[in-house]
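In: give me the fold of what follows.
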Amino acid sequence: MPYLELIATSTFGLEAVVAQEVKELGYRDVTVENGKVTFTGDWEALCRANLWLRVADRVRLKVGEFKALTFEELFEQTKALPWPELIPEDAEFPVEGKSIKSGLFSVPDCQAIVKKAVVESMKKKYKRQWFDEKGPLYKIEVALLKDTATLTIDASGAGLHKRGYREAASYAPLKETLAAALVKLAHWRPDMILVDPFCGSGTIPIEAALIGQNAAPGMNREFVSEGWPNIPRKVWRRARKETHEAANFEQPLEIIGTDIDHKVLKLARRNAFEAGVDQAIHFQQMPFSEFRSRKKYGKIICNPPYGERLGELQEAKKIYEEMGKAFKEFDTWSFYILTSYGDFEKLFGKKATKKRKLYNGNIKVDYYQYFGPKPQKKKEGTKQTAAENV
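Out: From the prediction side, this is the model:
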């Protein structure tokens with residue numbers, strides 16, 4: 001198989017999580033930059049990355065990178081790249097672009113020049129003047145950052161957050177990729193109880209269940225690169241077979257999602273069913289302040305209301321104060337709370353053990369992490385179930 005340079009794009013703040021996922025897949029030549037993680041592999045690596053990466057936004061095939069201070073440089077260096085080795089004669093190859101802090105700031109002009117350069121390269125190989133572009137899709141991106149042009153081809157199609165289970169969602173749903181990141185950053189294990197007291201349409205509990213049962217997030221969806229003739233069908237079949245063999249749907253889990261809105265809970269149950277994890281999650285309608293548990297140790301991971309809309313901030317502030325009071329009862333648990341409100345700790349009544357800056361869409365948020373005490377080790381001669389020892 002050919003040597004490929006692949007890019008897993010990422011939301012700012014989550015690059016390290018994506019890099020760890022790439023390494024867990026067995027790829028070691030990993031470079032972390034703002035908004036992306038670059039690694040090397042073959043066609044199988046491209047397939048596996050699409051199927052298994054939970055936190056990345058999408059997977060791109062890197063074609064080339066170079067300095068481009070003029071449109072002529074952009075044209076000539078793009079033309080010199082091996083496009084005909086990657087793009088078949090009948091392919092559809094639109095060009096999209098972006099430019100940040102670069103002299104070539106006109107994105108439409110950059111897109112047009114790259115398109116022309118790719119066509120010229122294709123003409124030379126295929127000995128024709130016109131391409132119908134009615135075949136498989138190879139969407140090219142030209143990304144200019146500080147006068148460096150990176151040319152890639154999108155291998156995912158729809159973003160990787162499109163798992164295929166969430167046809168319906170509540171207002172302002174959390175992206176699946178960010179929900180998975182919150183669970184991974186909390187270092188949750190399948191033998192721990194996990195509670196989301198603001199579960200909405202269920203994204204955090206569902207992503208946790210998929211992680212707990214080692215179910216690949218892309219198992220039940222398709223990717224644009226599945227239509228590429230470059231990748232032998234047996235490679236995709238082998239990669240998909242791996243996802244089925246690795247999943248452990250019998251893994252017992254204790255995941256609870258609560259919300260005061262019965263309508264969003266109905267969506268949550270439907271989404272969990274579509275994801276195949278409905279038996280692993282218990283959804284219940286109740287105010288977060290009424291939640292009780294006999295478990296000594298556990299993890300609460302949640303995305304409470306931010307109060308971003310006019311008139312909602314006071315309600316959100318009241319919720320944060322009530323959370324501080326309600327969570328005191330769980331003094332041996334750990335809490336992980338995502339919010340954009342800068343004075344959250346003051347209202348919650350406790351300074352976070354750790355705080356991480358993230359983005360929820362275009363909203364700057366902080367992930368407040370409150371670490372509880374480590375669970376006590378089981379004494380010899382006593383029996384303790386996995387669910388109790390969290």
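
In: what segments of the stretch 251-390 of the chain are strands?
Out: 254-259, 281-285, 299-302, 334-339, 354-360, 363-370 (DSSP state E, counting those that start in this stretch).

In: which of the residues in the second one are buried?
Out: It stands for strand 281-285. Ile281, Phe283 (16 or more other Cβ atoms under 10 Å). C-betas here are computed from N, CA, C, even on glycine.

In: tell me what angle that strand forms with strand 254-259.
Out: Note on geometry: by axes from the mean of the first three to the mean of the last three Cα atoms, to 10 degrees, strand 281-285 and strand 254-259 are set 30 degrees apart in direction.

In: each with direction, which strands does strand 281-285 pair with?
Out: When pairing is defined by DSSP bridges, strand 281-285 lines up against strand 254-259 (parallel).

In: what is the end-to-end distance of stretch 187-206?
Out: Length of stretch 187-206, first residue to last, Cα to Cα, to the nearest Å: 16 Å.

In: oh sorry, the question was meant for stretch 70-88
Out: End-to-end for stretch 70-88, by Cα to Cα: 29 Å.

In: about what we covered before: tabulate the strands of the stretch 251-390 of the chain (JSON lines), appending distance to Lys101 and mean pLDDT.
Out: Shown next, in JSON lines, are these (distance: least, Cβ to Cβ, whole Å; pLDDT from 0 to 100):
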{"stretch": "strand 254-259", "distance to Lys101": "42", "mean pLDDT": "98"}
{"stretch": "strand 281-285", "distance to Lys101": "45", "mean pLDDT": "98"}
{"stretch": "strand 299-302", "distance to Lys101": "36", "mean pLDDT": "98"}
{"stretch": "strand 334-339", "distance to Lys101": "30", "mean pLDDT": "98"}
{"stretch": "strand 354-360", "distance to Lys101": "19", "mean pLDDT": "96"}
{"stretch": "strand 363-370", "distance to Lys101": "20", "mean pLDDT": "97"}
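
In: rebuild these as a markdown table, extending it with distance to Leu46.
Out: Shown next, in a markdown table, are the strands of the stretch 251-390 of the chain (distance: least, Cβ to Cβ, whole Å):
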| stretch | distance to Leu46 |
| --- | --- |
| strand 254-259 | 32 |
| strand 281-285 | 32 |
| strand 299-302 | 31 |
| strand 334-339 | 31 |
| strand 354-360 | 26 |
| strand 363-370 | 30 |
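
In: Ala16: which of those is closest?
Out: Each of these has some distance to Ala16 by Cβ to Cβ; the shortest is strand 354-360, at 9.9 Å.

In: can you pull the buried residues of the closest one?
Out: Buried-residue list, strand 354-360, by 16+ other Cβ under 10 Å: Arg356, Leu358, Asn360.

In: ok, which of the strands of the stretch 251-390 of the chain comes nearest Trp236?
Out: Per Cβ to Cβ, nearest to Trp236 of these: strand 281-285, 30.0 Å.

In: now the closest one: how far from the chain's centre is it?
Out: Taking the mean of its C-alpha atoms, strand 281-285 sits 24 Å from the chain's own mean (Cα atoms, centre = their mean, to the nearest Å).

In: again, but for stretch 105-117
Out: Put simply, stretch 105-117 sits 29 Å off its chain's centre (Cα atoms, centre = their mean).

In: contacts for that stretch?
Out: 71, 74-76, 78-79, 93-99, 104, 140, 142, 144, 151 (Cβ atoms under 8 Å, 6 or more residues apart in numbering).
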